[in-house]
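In: I'd like to go over a predicted model; first the sequence, then the structure.
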Amino acid sequence: MFKFDLTDKARNGLLIASAIALTVVWLAIGIGSSLLCSVVCFVYPAYKSFKAVESPQGDDDTQWLTYWIVYSTFNILEYFADLILFWIPMYNLLKCLFLLWCMWPIPNNGATIVYKKILRPFLLKNEDKIDAKLDKVTGKVNKYVDDARREVADFSESSAGQMLAAGSKVAAESASQQLDDALNEEEDKDKDI
């Protein structure tokens with residue numbers, strides 16, 4: 001029989017290589033690969049963004065904001081191209097590799113290159129048009145919210161609204177009392193034991 005004596009460093013390296021190989025195979029096979037890709041390409045950058053916001057330096061904020069601009073643009077494009085992308089073999093592996101390149105912790109990572117070469121020129125060229133559309137949509141949404149607030153205020157002043165509010169108050173008080181009774185009953189049981 002062979003006996004392998006691996007150092008801790010070699011064992012850790014083997015473990016990391018095995019985890020990477022397993023992840024690549026999982027992404028290539030496709031079963032649950034979309035979820036895995038989303039976890040890898042969303043959770044880590046979200047945590048790093050939290051760390052960047054909490055740090056006093058500003059350069060890491062720019063790095064992660066750039067990543068999120070590229071990530072959100074990629075997701076929007078992916079949504080509309082989904083029927084085509086579905087047919088690309090190992091698409092989730094390719095997507096994950098692209099997004100890993102975008103978040104890689106080097107000065108000119110994929111997000112920086114995509115942003116500077118493609119997105120920034122497009123956004124600067126169309127900034128006024130985009131702002132005008134956003135202002136128009138925001139105005140409409142604010143109007144709908146104000147209308148809804150007026151409707152709620154009118155309803156709350158009506159007799160039906162008053163009855164509903166009183167009924168809700170009684171139900172909340174009853175639920176609170178039942179919860180208190182249940183908790184007290186559990187405390188009594190614990191004392192008996």
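Out: Okay, I see it.
In: which residues of this structure score low on pLDDT?
Out: Residues of the chain that meet the criterion pLDDT under 70 lie in 1-6, 26-27, 30, 186, 188-193.
In: For it, which segments count as strands?
Out: For the chain, no strands are identified by DSSP state E.
In: Find the centremost residue of it, please.
Out: residue 42 (6.2 Å; CA atoms, centre = their mean).
In: Spatially, what comes nearest to that residue if we skip its sequence neighbours?
Out: Of all residues not flanking residue 42 in the chain, residue 71 sits nearest, at 7.9 Å (CB to CB, 6 or more residues apart in numbering). Where C-beta positions appear, they are placed from N, C-alpha and C, glycine not excepted.
In: does the one you found really touch residue 99, like I thought?
Out: Yes - with contact defined as CB atoms under 8 Å, residue 71 counts as touching residue 99 (6.8 Å).
In: For these two, work out which one has more neighbours and name it.
Out: Taking neighbours as other CB atoms under 10 Å, residue 71 and residue 99 compare with residue 99 leading, 24 against 18.
In: ok, that one touching residue 72?
Out: No - in this structure residue 99 lies outside contact range of residue 72 using CB under 8 Å: 11.7 Å.
In: other SSEs contacting the helix ranked longest in the chain?
Out: Assignment by DSSP state H gives helix 120-157 as the longest helix of the chain. Packed against helix 120-157, as judged by 3 or more CB pairs under 8 Å, 6 or more residues apart in numbering; DSSP states H and E, are the following elements: helix 159-192.
In: roughly how far is the helix it packs on from the heart of the chain?
Out: Its chain's C-alpha centre and that of helix 159-192 lie 36 Å apart, by CA atoms, centre = their mean, to the nearest Å.
In: which residues do residue 71 and residue 99 both contact?
Out: Taking CB atoms under 8 Å, 6 or more residues apart in numbering as the contact criterion, the common neighbours of residue 71 and residue 99 are residue 41.
In: What's the end-to-end length of stretch 70-88?
Out: Using CA to CA, to the nearest Å, one end of stretch 70-88 lies 21 Å from the other.
In: actually stretch 83-99, not the one I typed
Out: The first and last residues of stretch 83-99 sit 20 Å apart, counting by CA to CA.
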